[in-house]
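Colleague: no sequence on this one, just coordinates:
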């Protein structure tokens, strides 16, 4: 029945991730705004364009793409009432003690180190920007997984900026000195870990 | 459309978890066998009954129940071809670089400490007992999430035995001295963390 | 030279942990205050005595005791200038990209589930109560590890309260109905996982 | 007394890490051998030189460098009998329930995704190659932290190879087609996340 040997191409996974975010009302700009707010106090010369580049960069990572695809799938199935009970009700109610949403998001967060983890916890608790708009408890749709995933992407991109800042300092530079596409130089290299 | 305030009772979550495992062909005994194999070398007097009790005990934890419900849901949806592409294909093929299955399982593993994490890694890699039978790549069904979840339950139950052993040692006892229902005394207490 | 077979008794580890916290100026009450502040909004009838009981309870866990002993040891060695370079300078400066302090604290946090992780991130970022007083960058001493460890204990105790609340709800009760020593009933049982 | 504002340069941290590994008897080649053994079954054309390059590459990451510096420091202090009791005895005996060594190693492992975590668990349990030689329980020295750290580096480097394999497959290539210094192309870029 199934073709267990067919391998999905990386490009298809990346494209599906971007489409899923947009379909659920999350623009990369809205995530970049959170990153900007988090990192501006520590980064002279940081611009929205650097933050947007960092969001795009971390979204090239497989761990993040897979987490987003699974989480949005579960949100959408719940909205259609297609999950079996009692999971359907647990997801729809975004129950406080249900932690699989945070767990999936954390898997991606970990790849950007411990700064990313504390930033994620902060964003998850304080629901800044679009993360607040997505709160399942307030709106009509079900975004039980998505709000954590957006916090995860924002935390990863913030952590990436923080590490880059340090490199720039050691080179006697600031974000003022670099173009947006120099924010994550590794993403411009063919074959780099994504 | 949805009742976002309805709260699912703990008993219903626990029961759904047990039913889901059985429906997917995983008995508690088959998990206990793995625990027994892992812990026997270090535990004088350990019996299958203690291991079974430990499996039952860790399955009372919300983190494990939620992880199992989500994972089995995704496996079953994939079997019915009901996930959207490309996630459907990724799950059906149990792709090596897809790590959300391990991530969900790890969230539960963490609650039993670092011994549980290394045991999980070992089980996940070496696919002992029923974990091997569930391998998606070999059989007909889709158990991409379930094999990791079973490894997770076995790792948690093994870790619980290891911690209990130490307590017994300090009391000058071994598993030979205790009845199966004394394996996880905390699970006999009303209101204990589950 | 060393006795590699001598096993330290659990009681000695527990006592050393309490002494280390007090020696570094951290009372259990100061941690309980953070827990109270975090959980009061969600918990009718919650009293400081329940929070203190929860702090005492989570401190019975080996994972937390070991983390605290290692972290405080490193802080104290750094204060005495006894770490080798460059680690000595990294710890003394509490460098932003140094994450081993958060990592050690997180190992303990994980044992209380995903709620504990986000609470930890929040506390680590927003430095509430005694966590702020311990900030290495502001004071004279070195508390690079300890501030994260206190955040960890507070996060674990908060998570424990949140899980207990849910159990009470299902029994038609609130914290108003239970005595402080019923906060973590599992800790009153001999042989329970600690 | 301390200069809390002095920032240690990345190069000094990297160099100290390499020196610490060598001082403790761990060559990069000995780690690369483990990687080679783990990845050869899945990788046509993989050579030791690629594995060595991968080990060097992951050692450029701050998370790994910091973890190694802290772990080796604790091992060396324990060997000199300079840790306070009861931590001194716990580390010297490499107690089974002491998990801070695994926790510190895991913090680094997480940055290479879930494959790295299961590989780490496997290596930690089965003690392949130099990891076995370092076993504190068998030898004279104290390597309670180092054996886990070596498992961590090997797990990260293995995971990096696995991800690279996939990229090569999509380009219609194998490791046979690439020079060793193309194993981790991101490490050749100035300002890349390390």
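Modeller: In hand now; what should we look at? All values derive from a computational prediction rather than experimental measurement.
Colleague: Not counting stretch A:131-151 itself, show me its contacts.
Modeller: A:24-26, A:30-31, A:34, A:67-68, A:70-72, A:74-76, A:78-79, A:91-92, A:94, A:98, A:101-102, A:104-105, A:108, A:120, A:123-124, A:127, A:130, A:154, B:1-2, B:4 (CB atoms under 8 Å, 6 or more residues apart in numbering or on different chains). From N, CA and C alone the C-beta is placed, and that goes for glycine too.
Colleague: And for stretch A:101-109?
Modeller: Contacts with stretch A:101-109, where a contact means CB under 8 Å, 6+ apart, come from A:61, A:63-64, A:67, A:70-71, A:94, A:116-117, A:120, A:124, A:144-145, A:147-149, A:151-153, A:155-156, B:67, B:99-100, B:102-104, B:106-107, C:114-115, C:117-118, D:113-114.
Colleague: from the middle of its chain, how far away would it be?
Modeller: Stretch A:101-109 has its C-alpha centroid displaced from the chain centroid by 10 Å (CA atoms, centre = their mean, to the nearest Å).
Colleague: and it, what's its mean pLDDT?
Modeller: When pLDDT is averaged along stretch A:101-109, the result is 95.
Colleague: what does stretch A:173-191 give?
Modeller: Along stretch A:173-191, the predicted local confidence has a mean pLDDT of 88.
Colleague: what does it contact?
Modeller: For stretch A:173-191, contacts defined as CB under 8 Å, 6+ apart pick out A:43-47, A:49-50, A:52-54, A:56-58, A:60, A:160-161, A:164-165, A:168, A:192-194, D:164, D:167-168, D:171, D:182, D:185-186, D:188-193.
Colleague: Please, a ChimeraX command that selects the buried ones among these?
Modeller: Provided next is the ChimeraX selection string for whichever of the contacts of stretch A:173-191 are buried by 16 or more other CB atoms under 10 Å in any protein chain shown:
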select /A:43,46,47,50,52,53,54,56,57,58,60,160,161,164,165,168,192,193,194 /D:164,167,168,182,185,186,189,191,192,193
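Colleague: if I pick the spatially closest residue to residue A:84 that is not a sequence neighbour, what's in contact with it?
Modeller: Excluding the flanking residues, the one nearest residue A:84 by CB to CB, 6 or more residues apart in numbering or on different chains is residue B:73, at 6.4 Å. With contact set as CB under 8 Å, 6+ apart, residue B:73 has these partners: A:83-84, A:87.
Colleague: who in chain A is up against chain D?
Modeller: Of all the residues in chain A, those in contact range of chain D (CB under 8 Å from any CB of the partner chain) are A:7, A:9-10, A:62-63, A:107, A:110-114, A:160, A:163-164, A:166-171, A:182, A:184-186, A:188-194.
Colleague: So which of the contacts of stretch A:173-191 sit within helices?
Modeller: Using DSSP state H, the members of the contacts of stretch A:173-191 that fall within helices are A:49-50, A:52-54, A:56-58, A:160-161, A:164-165, A:168, D:164, D:167-168.
Colleague: Now do stretch A:132-151: distance from first to last residue.
Modeller: From its first residue to its last, stretch A:132-151 covers 10 Å (CA to CA, to the nearest Å).
Colleague: Low-confidence stretches in chain A?
Modeller: Segments of chain A classed as low confidence (criterion: pLDDT under 70) are A:1, A:136, A:194.
Colleague: How about the residues of it by chain C?
Modeller: Close to chain C, as judged by CB under 8 Å from any CB, chain A has residues A:96-97, A:99-100, A:102-103, A:106, A:113-115, A:117-122, A:124-126, A:162-163, A:166.
Colleague: Please repeat the previous calculation with a cut-off of 7 Å.
Modeller: A:96-97, A:99, A:102-103, A:106, A:113-115, A:117-122, A:124-126, A:162-163, A:166 (CB under 7 Å from any CB of the partner chain).
Colleague: Let's see which of those end up in helices.
Modeller: The helices, defined by DSSP H, take in A:102-103, A:106, A:113-115, A:117-122, A:124-126, A:162-163, A:166 from the residues of chain A next to chain C.
Colleague: Just the buried ones among those, please.
Modeller: So, of these, A:102-103, A:106, A:113-115, A:117-122, A:124-125, A:162-163, A:166 end up buried under the neighbour-count rule (16+ other CB under 10 Å).
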